[in-house]
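Asker: Quick one: sequence and predicted model below, then my questions.
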Amino acid sequence: MTPTGEEQRARHIMGARRDRRQIARSAPDELSLKAAYRISSRIRDMRALEGERVIGRKIGFTNRTIWDEYDVHAPIWGYMYDTTFRDVSSAEVQLSLAPFCEPRIEPEIAFGFSRAPHVGDSDEELLGSLAWYAHGFEIVDSLYRDWKFKAADTVAAFGLHGAYLCGPRRQVPDEDPAILLQALQNFRIDLARDGETIGVGHGANVLGSPLSALRHALEVIANDPDAEPVSDGEVVTTGTVTRAFPVKPGETWSTTVTGLPLDNLRVAFV
């Protein structure tokens, strides 16, 4: 794709988001992953001109159990903004689905950095760069009808990121590193809709552990010439532990977290 074509695609995607309008996915061999990440960077710059501020990155498709469902077989990443990220308490919160086309919910683990991480850090060193971790809901959204796309399409269209509701934070320096490393592999999240459990996931689903997913993202981002390395103060979310489920107004979704000392969450969609 030519630079002019990439600019046109970026504007097309931004317009679709603004108008809450779905678009056609790319034709075979039309859009490469490298071009998609350049489009993502261009969209980042366009959103910055509109007053939005990047606060971190989201990782998608880290859960190998959903790769066949979407025909996407490797993780991708995208930007999160101060307009899409929201800290919430463990009490029930409300979220409007009006801005989205085909929203789905994903229970995840998020990390906040106190210092810039380094590619190649050991598990202990990576934990040492973290200020906090938390459980949250990502609301992912597809500009492509029926969630049919190629990996490059998802990268270009915000990494499917719509919103993130981040629960209460737990300070990493207060944890025993060995216990936390094991817990991040073994924890469990039960996801319920209107009180009925419809999804169960474990930490190991996410590339073996959310920390492993985090490491993978750092390596991929470091190799992207159009992306700034992850820096201190950034938030990185690590992908869904369960399947992603469609949501609609009037539903209430909740989680039960076992094996990590994190608050359960509850969100009512309007």
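Answerer: Right, received. Where do you want to start?

Asker: What helix or strand is the residue nearest the centre of the chain located in?
Answerer: The centroid of the chain falls nearest to K58 when counting by C-alpha atoms, centre = their mean (3.5 Å). In this structure, K58 is located in strand 54-60 according to DSSP states H and E.

Asker: L181: what's its closest spatial neighbour, skipping adjacent residues?
Answerer: Across the structure, with C-beta to C-beta, 6 or more residues apart in numbering as the measure, the residue nearest L181 apart from its sequence neighbours is D123 (5.6 Å). C-beta here means a position set from N, CA and C on the backbone, and glycine is covered the same way.

Asker: confidence score at R42?
Answerer: In this model, R42 is scored at 96, pLDDT.

Asker: Can you get me a residue count around it?
Answerer: Here the number of neighbours of R42 (other C-beta atoms under 10 Å) works out to 20.

Asker: and the gap between it and T4?
Answerer: From R42 across to T4, the span is 12 Å (C-beta to C-beta, to the nearest Å).

Asker: Over to S90?
Answerer: According to C-beta to C-beta, S90 and T4 sit 49 Å apart.

Asker: Next: Q185.
Answerer: Taking C-beta to C-beta as the measure, Q185 falls 46 Å from T4.

Asker: more neighbours, those two?
Answerer: Q185 (16 against 8).

Asker: Which residue comes closest to that one once chain neighbours are left out?
Answerer: In space, and not counting its chain neighbours, Q185 is closest to S209: 4.5 Å by C-beta to C-beta, 6+ apart.

Asker: is it true that the one you found touches A183?
Answerer: No. Between S209 and A183 there is no contact, the gap being 9.4 Å when judged by C-beta atoms under 8 Å.
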